[in-house]
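Asks: What shape does this take:
(one chain, ligands or ions: 1)
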Amino acid sequence: MMKFCLLLAVFCSPVLSEEWKASVVKNLNALVTSCIVIPCTFNQPKDNLPSSKLRGIWHIGKDKAQIVYHDDKSRIIDNFRSRTQMLGHLGQNNCTLEITDVKDHDNGPFCFRIELVESDKPTTDKYSFVEDCVDLKMLPEPTPPLLISTKTATEGNVYIITCSVTHTCPSHVPTLSWNRKGDVIEIHREIHSGIWETQSILMFTAEVKDDHTDVSCTAQFYGRKTSSEKITVFVKRTESYNHIIIPCAVGISITVIFTIFCVLMVKKYKNRIVELQNQEGSMWNRLSRISHRRRT
Ligand SMILES: *[C@@H]1O[C@H](CO)[C@@H](O)[C@H](O)[C@H]1NC(C)=O
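Replies: Below is the predicted model:
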């Protein structure tokens, strides 16, 4: 796979490198007060140019004067000065931009432009540029976290709840916190270009006192905005079976003992009855014989 990619790169690079090309994510959500990182890469015809020979600029829409990022800070418009930073290294063809303290009018479109810096000539004469723009959708408030848990909690067993939020500020990831103690694992990953997920997995041993309690997860985003979501835990008791099993066992035992007793009693009485019947029979026989004799 690596070799194939390298081969492909070798084959394609003369073609690709002839043109200036940028690739910027087209749409992203941005949380007001937080930060936004706009992924951006570009190709340029001259191989291995150091960052110092390249100048990356970000501006608003078609207006090249509305500069939101420039390495010469004095050229950045007031509203964006000290809020923007080039996170990517231009020498690595990376033009990733970060905007912090996002305002609700920062919707863009923000367009990337690259200039070739010729140290001995005025840069404005000789530049090549590409423009590719991103539109931001402003979110005034963060969306609540998504909570997922394992079926029902069973007393004494490990119970797992997963809390996840998506965001577009990977340079200052949100923090997730729980209102219940337990072991916590945190995971950060990129799910689409520019869209990230922070996940917190809470694990604890379910106890009787957890039954019908709310476990909540709170996400605090860079810029201090928070959102939270809760889940009610129902704990299945393991000892509750004893309340059923013990009376059942007692009931069954009593029934068995009573049945045996009855059978024994019946047996005993059967013998007596037969004995009595026999006695009765012999008495009757004798009596009838006596009466017979008298009549004759
Ligand atoms: C570009 O730079 C950013 C910030 O340093 C980094 O997170 C990202 O992975 C880089 N992108 C590429 C394609 O190397």
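
Asks: what about residue 233, neighbour count?
Replies: Residue 233: 19 surrounding residues under other Cβ atoms under 10 Å. All C-beta spots, glycine's among them, are computed from the backbone N, C-alpha and C.

Asks: So residue 156 sits against residue 205, correct?
Replies: Yes: using Cβ atoms under 8 Å, residue 156 is in contact with residue 205, at 6.5 Å.

Asks: Domain parsing of this structure, as residue ranges.
Replies: The chain breaks down into these domains under automatic domain parsing: 19-139, 146-236.

Asks: With mean pLDDT as added columns, please give the ones you listed in JSON lines.
Replies: Shown next, in JSON lines, are the domains of the chain (pLDDT from 0 to 100):
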{"stretch": "domain 19-139", "mean pLDDT": "86"}
{"stretch": "domain 146-236", "mean pLDDT": "94"}
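
Asks: For residue 247, find the nearest of those domains.
Replies: domain 146-236 (19.9 Å; Cβ to Cβ).

Asks: Pull up the distance across that closest one, start to finish.
Replies: 24 Å (Cα to Cα, to the nearest Å).

Asks: quick one: the helix or strand that residue 200 is a member of to chain centroid distance?
Replies: Assigned by DSSP states H and E, residue 200 belongs to strand 195-205. Relative to the chain's own centre, strand 195-205 is displaced by 6 Å; criterion: Cα atoms, centre = their mean, to the nearest Å.

Asks: Can you say which of the domains of the chain is nearest to the ligand?
Replies: Ranking those by their distance to the ligand (criterion: Cβ to the nearest ligand atom) puts domain 19-139 first, at 3.6 Å.

Asks: Please identify the residues of the chain in proximity to the ligand?
Replies: Residues of the chain found near the ligand (Cβ under 6 Å from any ligand atom) are 41, 87, 88, 94, 96.

Asks: Pull out the buried members of those.
Replies: Buried subset of these (neighbour count, 16 or more other Cβ atoms under 10 Å): 41, 88, 94, 96.

Asks: Next step: those residues restricted to strands.
Replies: Using DSSP state E, the members of these that fall in strands are residue 41.

Asks: number of nearby residues for residue 266?
Replies: A count of neighbours around residue 266, defined by other Cβ under 10 Å, yields 10.

Asks: helix/strand/coil for it?
Replies: helix (DSSP: H, G, I helix; E, B strand; the rest coil).

Asks: cool, residue 79 as well?
Replies: Secondary structure for residue 79, judged by three-state DSSP, is helix.

Asks: Give me the phi and psi angles of the closest residue in space to it that isn't next to it in sequence.
Replies: Using Cβ to Cβ, 6 or more residues apart in numbering and skipping residues adjacent in sequence, the residue nearest residue 79 is residue 103, 7.5 Å away. Main-chain dihedrals, residue 103, degrees, to the nearest 10: phi -100, psi 160.

Asks: Now do the contacts for residue 19.
Replies: With contact set as Cβ atoms under 8 Å, 6 or more residues apart in numbering, residue 19 has these partners: 43, 45.

Asks: Please report how far it lies from residue 46.
Replies: Residue 19 is 12 Å from residue 46, where distance means Cβ to Cβ, to the nearest Å.

Asks: and what of residue 79?
Replies: Using Cβ to Cβ, residue 79 is found at 34 Å from residue 46.
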